[in-house]
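[1] Provided below for reference: sequence and predicted model.
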Amino acid sequence: MPPTHARALDAAPVDPALTRSFDLRLARYGDDLRAGLRACYGDRADETFERVLRIVAAAMQDRPEALRGLDEARLLAPDWLQDSRQIAYVAYADRFAGTLRGVEEHLDHLESLAVTHLHLMPLLEPRPGESDGGYAVQDYRRVREDLGTMEDLSSLASSLHDRGMSLELDLVLNHVAREHEWAERARAGEQRYRDYFLTFPDRTEPDAWEASLPEVFPDFAPGNFTWDADLERWVWTTFNAYQWDLDWSNPDVLCEFVEIICFLTNQGVDMLRLDAIAFTWKRQGTNCQNLPEVHQLTRALRAAARIAAPALAFKAEAIVGPQDLIGYLGRGALSGKVSETAYHNSYMVQLWSALASRDTRLLATALGKFPPKPASTTWASYVRCHDDIGWAITDEDAADIGLSGFGHRAFLSDFYAGEFPGSFAEGLVFQHNPTTADKRISGSLASLAGLERAVRSGDGAAIDLAVARILLLHAAMLGFGGLPLLYMGDEIALLNDPHWADDPAHAADNRWVHRPEMPWKGVREAALDADRDAPRTPAGRVLAGVRHLIAVRTSLPQLHAAVESQVVSGADRRLLILRRDHPVSTMAQVLNMSEDPVELDAGVLSGIVGDHPREAISGADWSLEVPSITVQPYQALWFLGPEG
Ligand code: GLC
């Protein structure tokens, strides 16, 4: 007999009309919730289970009618995120449109791009002053004052829903701002809240932990612990000194977050981006990232969320090495039980690597080692985001193709900092770590892809190549068969923001170079240009090209995310060839990562899509009954086999 609501809860706060749904959902997800809690909380798991159920039952009862409708709709279309018509757009509310109401006024721009999903960067109340772009949250139940109110957020969510779009927000769960009430109360001496954090009276323990911990911000926040004069203790601060890590081994912390998740989804939030999730569990002697308990916690949170609000999905933000990435979609017994989607950091890094080296072998090696992803989950494919690019390339993968990992990572940093001879890129070095020689890179997609340098030189041919590179990267993202994340401004090829350091709260963090304000006049001009038969400006050409690629993507069920792209290796190293075996038809994509025309043996493609495929981007029928085809510089070709 499945556990019933009456047996699971002492008091029954659930509306009788909802009892049946509650019981069904509990029968479906109760085991996951319990197993996740047991793996993390041992003796306290059962009591935590009861507490979580009470929270989700109350949330279910509070859930607005319209959102219950959405729950039902998504239960009927459990693959909603995998549909090739899904296009996500990522923006800072203030940099995009000033306020949440401003965002609502600019939804037409998103509609013109066929966007279906909007990720608004951190907008919950941050600490005053420096806040790591909003990732130091002071109050999870309030919107940042200058952006609007919680009512504005709900109103935006319902406008989005009316247009068939969904809303994603960040859920920062590894840490809170030093000014968060929990931290204030910890400093005031309340033991309950002291237990929410990891604090130490002297350096003994921090030193022991440091022995195996890497540094996330070695430049402006070295080390992982900060002395707090009020608390008179060392506080665990993985990121900035003002971001206090939470102690997730305390089930009270989990219960707080279950409440926050329920609160946010009941405002209309459809997806939560689980920020810095990799860091949430700590164990001495490890690097305190990607520990098994991280996934068990996610399992428990997801089970709780699916009971309260089945419409809600999770996106894991784990910018980790390739071998650890798959765990965020679920490995082995956790397959399909954690986040619905996760950033494909490895694909992103490998695309930039292939573009710099004009060589796709490393990409093929790295992606070839990925175990299959659970069929119900979706990679988030992206090329740029608000963060820097860290070269998550392992020494083993590099060695497989005869490269030194260290040397290749150094090459990529030099290349994208624009320091390598012949480089087309203009980026900035972020967080140079002299101990490891690690250098990450900031910069906008267009500047990293060569447009800034080309425009400055006034060389028309160089501009053409840069535009082609930008569109190639978009094709790689849109064709991968995941949830593509367009980053604000990339659709009009925005260059690095020369004024990024003007705001004193940003001056120390050069990631602001690629977080520019949306220039609406420029957007309108680009849109007018894009509508011409032959757009003239780089912005107009990129916008027209991106819109076209999106239109093609959304017309192709072959790009449904349940099917994975497989890298086909062995052809010319300058070409990335992806194979997709979708039941509607097979697909072979060819992306030329170089500025050379490249000959490709037609048999490589005809073996996948037959002799007479249609090329979807141009809409042309091709014959592959030829010895070879020529792939133009930076060209993307999406061949479709006959429908089966
Ligand atoms: C994530 C965010 C990044 C932030 C960090 C700490 O990695 O993307 O911008 O600095 O988490 O919250």
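    Right, received. Where do you want to start? Residues are numbered from 1 along each chain as shown.
[2] and the stretch 51-200 of the chain, which residues reach the ligand?
    Within the stretch 51-200 of the chain, the positions adjacent to the ligand are Asp132, Gly133, Tyr135, Val172 by C-beta under 6 Å from any ligand atom. Using the backbone N, CA and C atoms, a C-beta is placed for each residue, glycine as well.
[3] ok, now how distant is the residue nearest to the first one when sequence neighbours are not counted from Ala221?
    Pointing back at Asp132 there. Distance criterion C-beta to C-beta, 6 or more residues apart in numbering; nearest residue to Asp132, sequence neighbours excluded, is Asn240 at 5.5 Å. For Asn240, the distance to Ala221 (C-beta to C-beta, to the nearest Å) stands at 5 Å.
[4] with Ser447 instead?
    Taking C-beta to C-beta, one finds Ser447 at 26 Å from Ala221.
[5] which of these two has more residues huddled nearby?
    Neighbours per residue, other C-beta atoms under 10 Å: of Ser447 and Ala221, the larger number sits with Ser447, 27 against 20.
[6] where's the closest residue to Leu334 other than its chain neighbours, which helix or strand?
    Leaving out its chain neighbours, the residue that sits closest to Leu334 by C-beta to C-beta, 6+ apart is His295, at 5.4 Å. Using DSSP states H and E, His295 falls within helix 292-308.
[7] other SSEs contacting the following helix or strand past that helix?
    Later in the chain than helix 292-308, the nearest helix or strand by DSSP H and E is strand 313-316. When contacts are defined as 3 or more C-beta pairs under 8 Å, 6 or more residues apart in numbering; DSSP states H and E, strand 313-316 sits against strand 271-275, helix 292-308, strand 341-343.
[8] the first one to helix 292-308, inter-axis angle?
    Angle between the axes of strand 271-275 and helix 292-308 is 160 degrees (criterion: axes from the mean of the first three to the mean of the last three C-alpha atoms, to 10 degrees).
[9] returning to what we had before: between the residues of the stretch 51-200 of the chain next to the ligand, which has the most around it?
    Val172 (26 neighbours).
[10] contact partners for the closest residue to that one other than its chain neighbours?
    Spatial nearest neighbour of Val172, chain neighbours left out: Asp275 (4.5 Å); criterion: C-beta to C-beta, 6+ apart. With contacts defined as C-beta atoms under 8 Å, 6 or more residues apart in numbering, the neighbours of Asp275 are Tyr135, Asp170, Leu171, Val172, Leu173, Asn174, Glu317.
[11] same deal with Val590?
    By C-beta under 8 Å, 6+ apart, the contact set of Val590 is Leu575, Leu576, Ile577, Leu600, Leu605, Val631, Gln635, Ala636, Leu637, Phe639.
[12] now do Phe239
    Contacts of Phe239 by C-beta under 8 Å, 6+ apart are Asp132, Tyr135, Asn174, His175, Val216, Phe217, Ala221, Ala276.
[13] a strand runs through it, doesn't it?
    No. The assignment for Phe239 by DSSP: H, G, I helix; E, B strand; the rest coil gives coil, which leaves it out of any strand.
[14] tell me the pLDDT at it?
    The confidence metric pLDDT takes the value 97 at Phe239.
[15] how near is it to Cys385?
    In terms of C-beta to C-beta, Phe239 sits 16 Å off from Cys385.
[16] report the buried residues of stretch 366-379.
    Ala366, Leu367, Phe370, Lys373, Pro374, Ser376, Thr377, Thr378, Trp379 (16 or more other C-beta atoms under 10 Å).
[17] tell me the contacts of the residue nearest to Asp132?
    Taking C-beta under 8 Å, 6+ apart as the criterion, Asn240 is in contact with Glu130, Asp132, Ala136, Phe217, Phe220, Ala221.
[18] with the ligand as the reference, measure out to the fifth one.
    Just to be clear, that refers to Phe220. 11 Å (C-beta to the nearest ligand atom, to the nearest Å).
[19] that residue reaches Ala507, doesn't it?
    No. Phe220 sits out of contact with Ala507 when judged by C-beta atoms under 8 Å, with a separation of 10.3 Å.
[20] contacting residues for whichever residue of the stretch 201-350 of the chain sits closest to the ligand?
    Of all residues in the stretch 201-350 of the chain, the one sitting closest to the ligand is Ala276 (4.0 Å; C-beta to the nearest ligand atom). Counting by C-beta under 8 Å, 6+ apart, Ala276 touches Tyr135, Val172, Leu173, Asn174, His175, Thr238, Phe239, Glu317.
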